[in-house]
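In: Predicted structure and sequence below. I'll ask about it afterward.
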Amino acid sequence: MSDPSQKTEVRLRFRINMLLAERDMTLKDLYDRVKKLGSNISSSHFYRQMKPYHSPMRMDLMTMVVQALKVQPSELFDLVEVEVDDKDEDRKMIHNA
């Protein structure tokens, strides 16, 4: 049973791990495909961008990921409700200050 005082918020989730699993692919496989499409992104930057709750992704990289996976852009994301504790709220308030 959830705590009624627990706060929740809706966040956009990057579904990359699910899409890769459906295709039996690794991030390395995707990185190789993106590089073949002409991206000059470094591997370290690519892997950081592929984290589920990362900051905004470059549009050119998102376009290449969509092409490499042969998906529609809407398939990359879904909305999820997550619990937020007081520490998350404090951190959010600091960033918005």
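Out: Yep, that arrived.
In: Now do the contacts for Val84.
Out: 6-9, 92 (CB atoms under 8 Å, 6 or more residues apart in numbering). For every residue, glycine as well, the C-beta is placed using N, CA and C.
In: again, 6 Å this time
Out: 7, 9 (CB atoms under 6 Å, 6 or more residues apart in numbering).
In: contacting residues around Leu37?
Out: Counting by CB under 6 Å, 6+ apart, Leu37 has contacts 64, 67.
In: Could you pull up phi and psi at it?
Out: Torsion angles at Leu37 (phi, psi; degrees, to the nearest 10) stand at phi -80, psi -10.
In: same deal with Leu61?
Out: The phi/psi pair for Leu61 (degrees, to the nearest 10) is phi -70, psi -40.
In: So it versus Glu9, what's the distance?
Out: Leu61 sits 26 Å away from Glu9, going by CB to CB, to the nearest Å.
In: same deal with Met25?
Out: 31 Å.
In: The two: who's more crowded?
Out: Comparing Met25 with Glu9 by other CB atoms under 10 Å, the one with more neighbours is Met25, at 15 against 12.
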